[in-house]
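Chemist: 3D, please:
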Amino acid sequence: MLITFLFWVSAANAQGWSPASDPKNFGQNYNPTFSELPLEATLPESLLPWSGPFWKDRQGSISYDWQQEKGSWSLPLPSEAEVKALSAEQIEALPPSVKFDIARNRYDYPIFKATEKYAGKPRFSQRLNPLWHAWYGICDGLAQASLHYKNPYPASITNALGKEIRFGSGDLKALAAYYYAYVAVVETPSTEFPVRRDDRVRKRIGENCFPNSPKFPTKPREADSDETGTEPEATCGRDLNPGALHIALTNRIGFEKQGFIADFSPGETINQHPVYGFSTTVLAERPPGLGSAAFTVREIRVKTTLKFAFYDRAHWDRTPTVEKTRSLGYWLELDQSGNIIGGSYDPHGSGKVPDYIWTSEPLVFGHGFEILNHLMRMRQTPSRPSP
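Modeler: Numbers count the residues shown, from 1 in each chain. Below you'll find the model as predicted:
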């Protein structure tokens with residue numbers, strides 16, 4: 001077993017994939033033997049990631065008044081005295097950020113004011129391509145939160161004023177996504193979060209494909225893809241090796257029963273989605289080609305279909321996961337022991353290849369968001385006013 005493992009490591013490093021695309025980035029003890037890997041697996045229903053909007057920055061992020069389908073930038077923020085006079089139904093109709101600040105008795109509304117800074121512009125100042133504005137949001141936070149927390153039920157809490165604050169499932173998803181995107185990681189210190197930090201523990205396979213990069217040149221884009229993922233594919237060199245992807249996919253979901261996140265839009269646009277299932281079909285076999293990894297003795301052609309949670313609009317009630325699929329065709333390069341040591345994508349039988357895949361560890365909500373730990377785990381359904 002030790003000899004086999006060492007042989008796999010030396011072969012993989014020889015030619016199969018780059019250090020950034022090494023499956024050991026996910027797990028040091030991942031099984032690379034193709035015949036021992038599952039051909040299909042799906043997370044149990046209790047662990048399925050959930051769907052929700054990615055809360056576009058240009059619409060005000062989680063300050064968007066989703067229940068009224070209106071932008072919230074002209075919304076007058078109620079003072080503490082005005083909140084006392086509001087009914088539970090009036091508070092319920094407010095945007096997620098405003099309700100949460102009221103729930104934690106913050107009438108200076110720091111979350112709402114923070115989202116104003118991102119309206120209509122990218123989160124990172126160096127990314128100033130105006131075509132990014134339409135799709136930029138917190139899909140990274142949404143994907144992480146949906147993997148780490150169960151699909152939330154509507155819940156309520158009573159604040160220090162004795163006011164009942166009702167949150168729909170969509171409100172809670174928004175707050176959890178915002179926490180992972182903007183609170184767990186602080187890149188630009190502010191009055192509320194004055195220290196640069198990153199609470200997340202992440203693992204990653206593959207690299208970003210950014211425009212105008214000498215390492216990963218891209219094709220010009222014709223239009224903004226928004227959340228649809230229809231952007232023409234960039235010529236990023238596909239550094240996410242399919243052999244490494246297959247090892248990570250089958251071990252992570254098949255054996256560990258955990259999902260991961262993939263950027264399904266290689267190029268300028270980023271669309272992060274949680275992957276929770278796959279199925280693989282073996283199609284053909286051939287001798288090693290000229291470009292195969294060192295020590296390859298045979299190659300196997302497969303088609304793998306990934307299952308992932310897609311975006312959805314916000315809902316008050318708990319709703320099922322919106323499932324999407326992406327099929328990838330590739331050749332797996334095997335050594336004499338049957339271990340996957342590399343691979344290549346099938347240019348005629350593969351959908352758009354993910355840019356990179358990654359995971360993060362679940363967090364306990366802190367930094368002023370502590371009550372979210374309670375709300376995300378509640379199983380009550382607050383009463384709603386009759387229409």
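Chemist: Let me know the helix or strand that the most centrally placed residue in the chain is in.
Modeler: With the centre of the chain defined as its mean C-alpha position, the nearest residue by C-alpha atoms, centre = their mean is residue 143, 2.9 Å away. Using DSSP states H and E, residue 143 sits within helix 139-148.
Chemist: and that helix, C-alpha only, in PDB?
Modeler: Coordinates of each C-alpha in helix 139-148 appear next as PDB, following Å, rounded to 0.1, in the frame of the first residue of the first chain:
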ATOM      1  CA  CYS A 139     -22.600  33.600  -4.800                       C
ATOM      2  CA  ASP A 140     -19.500  32.600  -2.900                       C
ATOM      3  CA  GLY A 141     -21.200  33.200   0.400                       C
ATOM      4  CA  LEU A 142     -24.400  31.600  -0.800                       C
ATOM      5  CA  ALA A 143     -22.600  28.400  -1.900                       C
ATOM      6  CA  GLN A 144     -20.700  28.100   1.400                       C
ATOM      7  CA  ALA A 145     -23.700  28.700   3.600                       C
ATOM      8  CA  SER A 146     -25.900  26.300   1.700                       C
ATOM      9  CA  LEU A 147     -23.300  23.500   2.200                       C
ATOM     10  CA  HIS A 148     -22.800  24.200   5.900                       C
END
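Chemist: outside of that helix, which residues touch it?
Modeler: Helix 139-148 has contacts (C-beta atoms under 8 Å, 6 or more residues apart in numbering) with 49-55, 173, 176-182, 200, 258-261, 270-274, 309, 311, 359-360, 362-363. In short, each C-beta sits where N, CA and C put it, glycine included.
Chemist: how does the chain divide into domains?
Modeler: Domain segmentation of the chain under automatic domain parsing yields 2-51+207-360, 57-199+364-375.
Chemist: Using TSV, please lay out those domains together with mean pLDDT.
Modeler: Formatted as TSV, the domains of the chain follow (pLDDT from 0 to 100):
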stretch	mean pLDDT
domain 2-51+207-360	83
domain 57-199+364-375	85
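Chemist: residue ranges for the helices of this structure, please.
Modeler: Secondary structure of the chain (DSSP state H): helices located at 2-11, 80-85, 88-92, 96-103, 110-116, 139-148, 169-178, 242-249, 371-375.
Chemist: Which of these sits closest to residue 190?
Modeler: Of all those, it is helix 110-116 that lies closest to residue 190, at 6.7 Å by C-beta to C-beta.
Chemist: Touching, residue 333 and residue 302? I think so.
Modeler: No. Applying C-beta atoms under 8 Å as the test, residue 333 and residue 302 come out as separate, 11.7 Å apart.
Chemist: From residue 299, how far off is residue 291?
Modeler: With the distance defined as C-beta to C-beta, to the nearest Å, residue 291 ends up 10 Å from residue 299.
Chemist: From the chain's centroid, how far away is the helix holding residue 143?
Modeler: Centroid displacement of helix 139-148 relative to its chain, using C-alpha atoms, centre = their mean, to the nearest Å, is 5 Å.
Chemist: Could you do stretch 99-114 as well?
Modeler: Centroid separation for stretch 99-114 versus its chain: 26 Å, with C-alpha atoms, centre = their mean.
Chemist: Name the residues that touch it?
Modeler: For stretch 99-114, contacts defined as C-beta under 8 Å, 6+ apart pick out 62-63, 72, 77-80, 83, 91-92, 94-95, 97-98, 157, 159-161, 163, 165-167, 171, 175, 178, 182, 190-192, 368-369, 371-372.
Chemist: And stretch 366-381, by the same measure?
Modeler: Residues outside stretch 366-381 that contact it (C-beta under 8 Å, 6+ apart) are 100, 103-104, 106, 149-150, 152-157, 167, 172, 175-176, 179, 183, 192-193, 317, 364-365.
Chemist: Could you give the bridge partners of residue 286?
Modeler: Beta-bridge partners recorded for residue 286 (DSSP bridges): residue 299.
Chemist: ok, it touching residue 296?
Modeler: No. Between residue 286 and residue 296 there is no contact under C-beta under 8 Å: 10.6 Å.
Chemist: quick one: which of these two has more around it?
Modeler: A direct count of neighbours by other C-beta atoms under 10 Å for residue 286 and residue 296 places residue 296 higher, at 25 against 11.
Chemist: which residues touch that one?
Modeler: When contacts are counted by C-beta under 8 Å, 6+ apart, residue 296 is found next to 288, 333-335, 341-342.
Chemist: 6 Å instead?
Modeler: Going by C-beta atoms under 6 Å, 6 or more residues apart in numbering, residue 296 touches 288, 333.
Chemist: Residue 243 and residue 344 touch, don't they?
Modeler: No. Look at residue 243 against residue 344 with C-beta atoms under 6 Å: they stay out of range, at 8.5 Å.
Chemist: out of the two, which sits in the more crowded spot?
Modeler: Relative neighbour count places residue 243 above the other of residue 243 and residue 344, with 27 against 19, counting by other C-beta under 10 Å.
Chemist: gap between the more buried one and residue 254?
Modeler: For residue 243, the distance to residue 254 - C-beta to C-beta - is 16 Å.
Chemist: Neighbours of the residue nearest to residue 155 when sequence neighbours are not counted, how many?
Modeler: Distances taken as C-beta to C-beta, 6 or more residues apart in numbering place residue 378 nearest to residue 155, at 3.8 Å, with adjacent residues excluded. Residue 378 has 16 neighbours, counted by other C-beta under 10 Å.
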